[in-house]
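In: build me a structure from this.
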Amino acid sequence: MVYNNSNVRRQDRLLNEQRARFLLQTSEYGVLSMIDKDSLPYAVPLNFVWDNASSVYIHCATEGKKLEALKQNPDASFCIIGNVHLLPDKFTTEYESIIMKGKACVNISDSEKHKAIELLLQKLSPNDVETGRKYAEKSFHRTQIIRIDFTEFSGKTKKIMR
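Out: Down below sits the predicted model:
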């Protein structure tokens, strides 16, 4: 996955790659954007986990609108928003964000699905991993994992000197 800020309009607001990767590693949720079966934009906020390489995993039910959309068109964008601080008296907002572009894979092997569930448990329920494993095993048949393979990402930030 290439960090590419060349298309960011405000070159004075670039987020450095180290901070972008930190957001990818630690953020709890992001917004997955895709094109639905009617060729309309569709975006949904959700939990995710990064594989520390070039993919994120998302869990969901075995049927639904996002699966239908991604089966028809696997192109996807994923946005993560880091620290946000509204500054009403300055009529602006401090923020940091990253946007990733890639392709979704909705048919992964059971072994990769288990790996993804383990990564999700380690990230989202670190104090309850054993209980989570038991729960995941019972619901494995009704759980889908989507892997999104990203080719590039960019980051932007805005900080105000006070």
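
In: helix or strand right after the helix ranked longest in the chain?
Out: Secondary structure of the chain per DSSP state H: the longest helix is helix 110-124. Next helix or strand after helix 110-124 toward the C-terminus (DSSP states H and E): helix 129-139.

In: just the C-alpha atoms of the helix or strand following that following helix, please, in CSV.
Out: As assigned by DSSP H and E, the chain's next helix or strand after helix 129-139 is strand 144-158. The C-alpha trace of strand 144-158 is given here as CSV (Å, rounded to 0.1, in the frame of the first residue of the first chain):
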residue,chain,number,x,y,z
GLN,A,144,-19.1,-12.9,6.9
ILE,A,145,-15.7,-11.2,6.6
ILE,A,146,-14.9,-8.7,3.9
ARG,A,147,-11.2,-8.0,3.1
ILE,A,148,-10.4,-4.8,1.4
ASP,A,149,-7.0,-4.7,-0.3
PHE,A,150,-5.8,-1.1,-0.7
THR,A,151,-3.5,0.1,-3.3
GLU,A,152,-2.9,3.6,-1.9
PHE,A,153,-3.9,6.0,0.8
SER,A,154,-3.5,9.6,1.7
GLY,A,155,-3.8,11.8,4.8
LYS,A,156,-4.7,15.3,5.7
THR,A,157,-4.7,17.3,9.0
LYS,A,158,-5.5,20.7,10.2
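
In: so what does the residue most central in space within the chain look like in phi/psi?
Out: The centroid of the chain falls nearest to Gly30 when counting by CA atoms, centre = their mean (4.6 Å). Here is the backbone geometry of Gly30 (degrees, to the nearest 10): phi -150, psi 180.

In: mind listing what it touches?
Out: Residues near Gly30 by CB atoms under 8 Å, 6 or more residues apart in numbering: 45-46, 48, 56, 78-81. For every residue, glycine as well, the C-beta is placed using N, CA and C.

In: nice, that's everything, thank you.
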